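>>> Please find the sequence and the predicted model below.
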Amino acid sequence: MYKMVVSSFSNTLIDNEEAIPCSTMIEIDRLRRENGVFFTIMTDNPLNPVIDYNRDFPFIDYIVAFNGGYVYDVLNRKMITKKNIGVSIIKKIYRLFSDLNICFYTLEYGAYWGSYQEKHYSFKIDNFSSFLDSHRLDVYKIAIICDNKLQVRRVLKSIDDYEVNVDTKIVEKDGKIFVELYSKMNDKLNGIMKIAKLNKIEMDDILAIVCSDSDINVAKSVGKSVVVSNGSSKMKKYCKEETLSNDDKGVEAVLKKYFI
């Protein structure tokens with residue numbers, strides 16, 4: 001019997017309408033109460049948007065946010081570990097790309113430089129120096145928002161040419177292309193391992209439900225990994241089992257299969 005379930009968040013636990021089915025939350029709550037299983041979410045996203053899903057119907061034990069940059073104990077409301085993006089990198093990114101739209105993700109929200117701005121958890125930076133003075137140790141992810149692939153190539157080339165020590169991920173949404181940057185010290189697997197060690201759980205006793213390429217290290221390291229049918233082709237090569245899509249309650253199907 002698995003002792004912890006780890007689920008990716010975007011395109012996995014939440015559907016394309018950014019909702020979690022009530023039946024899925026009830027199923028998670030059942031396995032936590034009846035089987036004593038810990039439920040952990042891993043995501044590239046900030047912490048607060050994930051916690052919001054937990055407010056009315058608590059079902060989450062831990063969150064590995066910002067691709068492993070912040071690991072949070074939900075029940076005890078405390079940080080387990082964190083690794084922010086260094087001030088030198090923040091300054092370098094600003095100098096290189098201040099003519100583009102940039103979002104600096106803090107623990108609670110996204111702070112935007114430029115004209116593009118998402119609807120939730122965001123505010124506009126009017127003075128970069130003032131923002132940096134207030135949040136120099138509270139930036140865990142940076143996204144450079146590009147209008148086209150030419151801008152993406154420019155961003156990636158500059159990051160390489162100026163030896164900016166970050167990991168990159170390309171995400172397309174809202175007609176834009178986001179070049180997401182994370183500290184090289186961060187990794188979802190490291191966050192999962194810290195939670196497992198805290199609860200004396202062996203990696204073989206963890207079931208992971210995964211989707212994107214950033215989940216690969218976790219999928220390769222746990223006892224069982226299942227990919228949603230809308231997951232990446234690269235991820236499907238690592239997983240021996242596939243479940244339904246996020247719109248068809250794929251997470252719920254896995255839980256019902258392995259936790260009777």
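Good, I have the coordinates.

>>> For the closest residue to S98 other than its chain neighbours, give me its contacts.
Of all residues not flanking S98 in the chain, W113 sits nearest, at 6.9 Å (C-beta to C-beta, 6 or more residues apart in numbering). All C-beta atoms are positioned from the backbone trio N, CA, C, and that covers glycine. Each residue near W113 by C-beta atoms under 8 Å, 6 or more residues apart in numbering is listed here: 94, 98, 101-104, 124-125, 128.

>>> Can you flag the buried ones in those?
94, 101-104, 125, 128 (16 or more other C-beta atoms under 10 Å).

>>> Can you flag which of these belong to helices?
Under the assignment DSSP state H, the buried ones among the contacts of W113 contribute 94, 128 to helices.

>>> For the stretch 1-150 of the chain, which segments count as helices?
22-35, 47-52, 87-97, 128-135, 149-161 (DSSP state H, counting those that start in this stretch).

>>> Quick one: closest of those to D247.
Smallest distance to D247 across those (C-beta to C-beta): 11.8 Å, for helix 22-35.

>>> so what does that closest one touch, helix or strand wise?
strand 38-42, helix 250-258 (3 or more C-beta pairs under 8 Å, 6 or more residues apart in numbering; DSSP states H and E).

>>> Between the contacts of W113, which sits nearest S183?
For the contacts of W113, the nearest to S183 is F104 (13.1 Å; C-beta to C-beta).

>>> Spit out the contact partners of that closest one.
By C-beta under 8 Å, 6+ apart, the neighbours of F104 are 90, 110-113, 125, 131, 135, 139, 142.

>>> likewise K141?
44, 46, 66-67, 69, 85, 105, 180-182.

>>> tell me which element the closest residue to E172 other than its chain neighbours falls in.
Leaving aside its chain neighbours, E172 sits nearest to F178 (7.3 Å; criterion: C-beta to C-beta, 6+ apart). Assigned by DSSP states H and E, F178 belongs to strand 176-183.

>>> what does that strand rub up against?
Contacts for strand 176-183 (C-beta under 8 Å, 6+ apart): 44, 66-67, 69, 83-86, 89, 93, 116, 140-149, 151-152, 155-156, 159, 164, 166-172.

>>> what's the answer for stretch 190-197, then?
4, 6, 38, 40, 42, 62, 64, 68, 71, 80-81, 201-203, 206, 218, 221-222.

>>> in it, what counts as buried?
Applying 16+ other C-beta under 10 Å to stretch 190-197 flags 190-196 as buried.

>>> Flag the shaky bits of the stretch 1-150 of the chain, pLDDT-wise.
Per-residue confidence for the stretch 1-150 of the chain (pLDDT under 70) gives these ranges: 119-121.

>>> got the end-to-end distance for stretch 26-42?
By C-alpha to C-alpha, to the nearest Å, the extent of stretch 26-42 from end to end equals 19 Å.

>>> Show me the strands in the stretch 51-200 of the chain, by range?
62-65, 70-73, 78-82, 101-105, 110-113, 122-124, 141-146, 166-173, 176-183 (DSSP state E, counting those that start in this stretch).

>>> Single out the most deeply packed of those strands.
Across those, averaging neighbours per residue (mean count of other C-beta atoms under 10 Å) puts strand 62-65 on top, at a mean of 28.

>>> In its sheet, which strands sit next to it, and in what direction?
If you go by DSSP bridges, strand 62-65 pairs up with strand 38-42 (parallel), strand 70-73 (antiparallel).
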